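# Got a sequence here, can you model it:
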Amino acid sequence: MKPSEISSLINSPSWIALLIKYLLSGAQQINPNGLGFELVFVAVPFLMNEEIVDKLSHGNKRSNLSKIFSDRDLLGSFSCVKNSIDYYNPIIKKSIILLSNDEKLFFGENISLEKPIDNFKEINDSYILRYCKASYNFGAIISKEDPTEIIIRFGV
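Next up is the predicted model:
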């Protein structure tokens, strides 16, 4: 497989739409109104980083940003990822459109799902499960914070 084909699979709008679905579901477990629309564009690039996914998939929704920022390994990953946010913006837009074809979404200051997911029963693949758990946990974590504070903390 060519590198461009691998990149197309990893950055597939279908794949990212699945991650957004779990991101929003995790956020809605904490805040029924969903997640600040701009935070989706901040969160997805972080969910494409293996180190961050490893930490988040083993964490839980009760964690907070202070715990994440106290982890020196993650701080380095966050610094690297914030440079890729512009790269992911067009892919995220396509992914949101794709997700809205499959799920009823509500848009406003926040974005939310009509029927958020509260379990991982439909996922049989351990690789996909790890990413979905990380997305869910990250959604729960960032939904507890003020969107402006998150943008400032991540430096984006």
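# Output the below-cut-off pLDDT ranges for the protein.
Counting by pLDDT under 70, the low-confidence segments of the chain come to 1-10, 61-62, 66-69, 155-156.
# which residues of it fall in helices?
Assigned by DSSP state H, the chain shows helices spanning 3-10, 13-30, 37-47, 50-57, 65-69, 72-81, 85-102, 126-142, 147-154.
# Just tell me which of the ones you listed ends up closest to residue 117.
Evaluated with Cβ to Cβ, the helices of the chain place helix 13-30 nearest to residue 117, the distance being 4.2 Å. C-beta: built from backbone N, CA, C; applies to glycine.
# Just the buried positions in the closest one, please.
Going by neighbour count (16 or more other Cβ atoms under 10 Å), the buried part of helix 13-30 is 13, 15-30.
# got JSON lines for the helices of the chain, with distance to residue 117 too?
Below are these laid out as JSON lines (distance: least, Cβ to Cβ, whole Å):
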{"stretch": "helix 3-10", "distance to residue 117": "22"}
{"stretch": "helix 13-30", "distance to residue 117": "4"}
{"stretch": "helix 37-47", "distance to residue 117": "16"}
{"stretch": "helix 50-57", "distance to residue 117": "15"}
{"stretch": "helix 65-69", "distance to residue 117": "22"}
{"stretch": "helix 72-81", "distance to residue 117": "25"}
{"stretch": "helix 85-102", "distance to residue 117": "12"}
{"stretch": "helix 126-142", "distance to residue 117": "8"}
{"stretch": "helix 147-154", "distance to residue 117": "22"}
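# do you know which of these lies nearest residue 109?
Proximity to residue 109 (Cβ to Cβ) singles out helix 37-47 among the helices of the chain, at 6.8 Å.
# Identify each buried residue in that closest one, please.
38-47.
# same deal with stretch 49-65?
Buried residues in stretch 49-65, counted by 16+ other Cβ under 10 Å: 49, 51-53, 55-57, 59, 61, 63.
# mind exporting that stretch as CSV, just the C-alpha atoms?
Coordinates of the C-alpha atoms in stretch 49-65 are reproduced here as CSV (Å, rounded to 0.1, in the frame of the first residue of the first chain):
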residue,chain,number,x,y,z
ASN,A,49,-2.0,11.0,17.9
GLU,A,50,-1.1,7.5,19.2
GLU,A,51,0.4,8.6,22.5
ILE,A,52,-2.6,10.7,23.4
VAL,A,53,-5.0,7.9,22.4
ASP,A,54,-3.1,5.4,24.5
LYS,A,55,-3.4,7.6,27.6
LEU,A,56,-7.0,8.7,27.0
SER,A,57,-8.2,5.1,26.2
HIS,A,58,-7.0,3.9,29.6
GLY,A,59,-8.3,7.0,31.4
ASN,A,60,-11.9,7.7,32.4
LYS,A,61,-14.5,10.4,32.0
ARG,A,62,-14.0,11.6,35.6
SER,A,63,-10.5,12.9,34.7
ASN,A,64,-9.9,16.6,34.0
LEU,A,65,-7.6,18.7,32.0
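# I am finished for the moment; much appreciated.
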